[in-house]
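[1] I would like to see how this sequence folds:
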Amino acid sequence: MRFAAVLAGCALCWVATASPRRPTDAAPTIGYYTLDDQRRTGETTVFAEKGSFSTLSFRVTIDTAGKVIAAQPIDNFEKLDVAPAMEAVRAWTFRPQTFEGRPAQVVGRVSIAYRRRPIPPNRTIAFPAAAPRDFRITLQRTACYGQCPDYRVTVHGDGRVEFDSGEYHSPGTAAQAHLDTIGNNVLLPGRHLARVDPAGVARLLDRFRDAHFFGLRDEYTYPATDNPTQVLTVQVGKTSKTVTDYIGIEAGMPQAVRDLEDAVDAVAGTARWVDGNLETLAELDAARFNYHTSVAATLTAAAASRLDGYRPAGDIEKLLIALVGRGVPLGARIGNRTLAAILVQAAAQAGSDRLFDALSARDALALVSAQDLTGAFNRLGCSPAIARALVKAGADPRRPGTEGSALTSLLGMAPRCEKQPERKLATARALVELGVPLEARSSIGWTALMGCNSPALAQLLLAHGANPNARDVEGTTALLSTEDDRVALLLLRAGADPRARDASGTVRQQAVKGHMPATLAWLDAHQIP
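    Residues are numbered from 1 along each chain as shown. Model prediction:
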């Protein structure tokens, strides 16, 4: 049981030791890996002068009605002021929980973010007046060490939109270095012109007026590296104002500025050039773009990289389906793979049944090698149907990749479907039925059962014969790697060695650290030291 955060001292050990002595009709207490996803109400951010860009974890106990009855901060290394977070956490409500068919008290970890209190704008500075359309608003976003798009867009009061990518950095700056190394991360780079409804632009200007934009500071900069910079400039008549945002929220910038940045993108429609959507397709159609060329194949491959990327575009799936329908050359080579292979892997990794169906309708799987089919299978997201189709087309479910098997990827390393637990379970069941080896190892030497914090997934694996006593090179077993009390009990009942130990300690020692009262009660009942 390896914990990212371990409670200093043993202030809550009473939870573990009291459980065995409760009357048989008392609600049991069970430990959860995390309770963040069970929260119903409450603020998840607090403001404090110290602790910007910080998060504090709490160990909380909730009663059978979902009310917090105990809370303790965990590892407050930054010496944050606990009081505002404690007040917020104690006001949270959670979904009532059950354990083995009975209402249960639950102990688990939650997190709350600390942010610097926003610095209000100077409301005495008047917003300049001008003729109704005598204004323009410019947003510039710079490159970063990652997938940050680099472009500038200007919206004029008469509805004209000017978009251009990647020409705004002085040599030697971090943004220029990132741009040179990574690229501008814009789907359709270059210069683009468009028109939008002037009434919408006028409403956008009203938002700047309501935010007292001319009363904001010129710059909000937080001392960190490798992030993008956003620059907003408003010119009304002959008066202009520029606000620079570099991780500005952490430097006291009002949230309204970040909202204005996004609003400029929305009004200008930059997503059609930056991310890709059906407006991109309309623009290509209007330009009589030839969808049957290698250029179209390259564009489609670039769009596919956004399907499961760091900042996935909302309509990118629809664009890809439309491009496939327009007849992009699936057999074209992009590097050492066909476009079909790239799209099949993108659909599999994102769990996009609709894109996969569109590819199947064009017989794309016949253009993908068995090796690439197996690679797509081992990076599968949440889709039982895609898993079965890949194996039917020639993927080898028993052959793990360099990062592990489809199961270890789905359950251990890939958070692609954490918000779809039922679909994730169905996909795992399909993988087991297709013959994925239960004891295949991930890149860190763990089986699918190791590190498992989902009781449903643990039950599935154990029911099909997963070994609860498999060890990694450090001697860690599934029991020593889970952080969920319910999973630990399942493993113990399935024959997991309660006397196992690794460098982090024994099962009991780690259950104490992790506040796993049901596990401790089981160990007490079986007289395991």
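[2] Next up, the contacts around the nearest residue to residue 489 once chain neighbours are set aside.
    Computed as Cβ to Cβ, 6 or more residues apart in numbering, the closest residue to residue 489 that is not its neighbour in sequence is residue 518, at 5.5 Å. In this view, the C-beta of every residue, glycine as well, is placed from N, C-alpha and C. Applying Cβ atoms under 8 Å, 6 or more residues apart in numbering to residue 518 gives the contacts 19, 28, 29, 30, 31, 99, 485, 486, 488, 489.
[3] same question, residue 230
    Applying Cβ under 8 Å, 6+ apart, the residues near residue 230 are 139, 140, 141, 142, 244, 245, 246, 248, 258, 261.
[4] how about the nearest residue to it, chain neighbours excluded?
    Closest residue to residue 230 apart from its sequence neighbours, by Cβ to Cβ, 6+ apart: residue 245 at 4.3 Å.
[5] quick one: pLDDT of the one you found?
    What the model reports for residue 245 is a pLDDT of 97.
[6] What's the separation between the residue nearest to residue 489 and residue 480?
    16 Å (Cβ to Cβ, to the nearest Å).
[7] same thing with residue 219?
    49 Å.
[8] Settle it for me: which of those two has more neighbours?
    residue 480 (27 against 15; other Cβ atoms under 10 Å).
[9] now this protein, which segments are flagged as low pLDDT?
    Where the chain drops to pLDDT under 70, the residues are 1-25, 50-52, 166-184, 309-314, 413-416.
[10] most distant residue from the middle of this protein?
    Here the centre of the chain is the reference, and by Cα atoms, centre = their mean the most remote residue is residue 131, at 44.4 Å.
[11] and that one, what are its phi and psi?
    phi -60, psi 150 (degrees, to the nearest 10).
[12] how about the nearest residue to it once chain neighbours are set aside, what does it touch?
    Spatial nearest neighbour of residue 131, excluding adjacent residues (Cβ to Cβ, 6+ apart): residue 237 at 7.3 Å. Residues counted as contacts of residue 237 (Cβ under 8 Å, 6+ apart) are 128, 129, 130, 131, 134, 135.
[13] Is the fifth one in contact with residue 128, as I believe?
    Put plainly, it is residue 134. No - using Cβ atoms under 8 Å, residue 134 is not in contact with residue 128, being 10.0 Å away.
[14] where do the strands sit along the stretch 1-150 of the chain?
    Counting by DSSP state E, counting those that start in this stretch, the stretch 1-150 of the chain has these strands, from start to end: 29-31, 39-41, 45-47, 54-62, 68-74, 93-94, 97-99, 102-115, 135-141.
[15] Please read the previous query as pertaining to the stretch 151-300 of the chain.
    Assigned by DSSP E, counting those that start in this stretch, the strands in the stretch 151-300 of the chain fall at 151-156, 160-165, 192-195, 219-221, 230-236, 239-246.
[16] Using CSV, list the CA coordinates for the fifth one.
    Taking C-alpha atoms only, strand 230-236 is exported to CSV below (Å, rounded to 0.1, in the frame of the first residue of the first chain):
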residue,chain,number,x,y,z
GLN,A,230,-2.1,34.8,-22.5
VAL,A,231,-2.2,38.4,-23.5
LEU,A,232,-5.5,40.4,-23.9
THR,A,233,-5.5,43.8,-25.5
VAL,A,234,-8.6,46.0,-25.9
GLN,A,235,-8.5,49.1,-28.0
VAL,A,236,-11.5,51.4,-27.8
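[17] can you start the count at 36 instead of 1 from here on
    Happy to do that; since the first residue is 36 now, the last one works out to strand 265-271.
[18] Parallel or antiparallel, list what pairs with that strand.
    strand 170-176 (antiparallel), strand 274-281 (antiparallel) (DSSP bridges).
[19] Go through those and name the closest to residue 379.
    Nearest to residue 379, of all those, is strand 170-176, at 31.8 Å by Cβ to Cβ.
[20] Report the inter-axis angle for the closest one versus strand 195-200.
    20 degrees (axes from the mean of the first three to the mean of the last three Cα atoms, to 10 degrees).
[21] Looks like residue 126 contacts residue 77 (just checking).
    Yes - using Cβ under 8 Å, residue 126 makes contact with residue 77 at a distance of 5.5 Å.
[22] So for the two, which sits in the more crowded spot?
    Using other Cβ under 10 Å as the criterion, residue 126 and residue 77 rank with residue 77 on top: 15 against 12.
[23] before we move on, which element is residue 356 in?
    When elements are assigned from DSSP states H and E, residue 356 belongs to helix 351-361.
[24] And for residue 366?
    Applying DSSP H and E, one finds residue 366 in no helix or strand.
[25] Run a quick neighbour tally on it.
    11.
[26] In contact with it, which residues?
    By Cβ under 8 Å, 6+ apart, the residues touching residue 366 are 373, 374, 375, 402.
[27] Likewise for residue 254?
    Residue 254 neighbours (Cβ under 8 Å, 6+ apart): 278, 279, 281.
[28] I figured residue 189 hits residue 170, correct?
    No - using Cβ under 8 Å, residue 189 is not in contact with residue 170, being 10.9 Å away.
[29] Settle it for me: which of the two has more neighbours?
    residue 170 (23 against 18).
[30] Which strand residues bridge that one?
    Taking DSSP bridges as the rule, residue 170 bridges to residue 271.
[31] Please report how far it lies from residue 269.
    Taken as Cβ to Cβ, the span from residue 170 to residue 269 is 7 Å.
[32] Pull up the overlap in contacts between the two.
    Contacts common to residue 170 and residue 269, judged by Cβ under 8 Å, 6+ apart, are residue 240.
[33] Closest to residue 414 out of the contacts of residue 265?
    Nearest to residue 414 out of the contacts of residue 265 is residue 176 (Cβ to Cβ; 29.6 Å).
[34] That closest one and residue 186 touch, don't they?
    Yes - contact criterion Cβ under 8 Å: residue 176 and residue 186 qualify, at 6.0 Å.
[35] on that earlier part again, tell me the buried residues within the contacts of residue 553.
    Buried by 16 or more other Cβ atoms under 10 Å: 54, 63, 64, 65, 66, 134, 520, 521, 523, 524, out of the contacts of residue 553.
[36] And the last one, how far from residue 551?
    If I follow you right, that is residue 524. Per Cβ to Cβ, residue 524 is found 9 Å from residue 551.
[37] now swap in the fifth one and tell me
    According to Cβ to Cβ, residue 66 and residue 551 sit 4 Å apart.
[38] Identify the contacts common to the two.
    Joint contacts of residue 66 and residue 551 (Cβ under 8 Å, 6+ apart) are residue 520.
[39] Give me the neighbour count for residue 425.
    Neighbours of residue 425 (other Cβ under 10 Å): 29.
[40] who touches it in this structure?
    By Cβ under 8 Å, 6+ apart, the contact list for residue 425 reads 379, 383, 400, 408, 411, 412, 415.
[41] sec struct for it, please.
    Look at residue 425: counting by DSSP: H, G, I helix; E, B strand; the rest coil, its state is helix.
[42] Not counting its neighbours along the chain, what's nearest residue 533?
    Leaving aside its chain neighbours, residue 533 sits nearest to residue 563 (4.5 Å; criterion: Cβ to Cβ, 6+ apart).
[43] Double-check residue 157 against residue 247; I have them as touching.
    Yes - assessed by Cβ under 8 Å, residue 157 is found in contact with residue 247 at 7.3 Å.
[44] Give me the more crowded residue out of these two.
    The neighbour count for residue 157 versus residue 247, taken as other Cβ under 10 Å, is higher for residue 247 (18 against 11).
[45] Assess the claim that the more buried one and residue 159 are in contact.
    No - look at residue 247 against residue 159 with Cβ under 8 Å: they stay out of range, at 9.3 Å.
[46] Take the contacts of residue 366 and lay them out in TSV including distance to residue 547 and secondary structure.
    Formatted as TSV, these follow (distance: Cβ to Cβ, whole Å; DSSP: H, G, I helix; E, B strand; the rest coil):
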residue	distance to residue 547	secondary structure
373	54	strand
374	54	helix
375	53	helix
402	56	helix
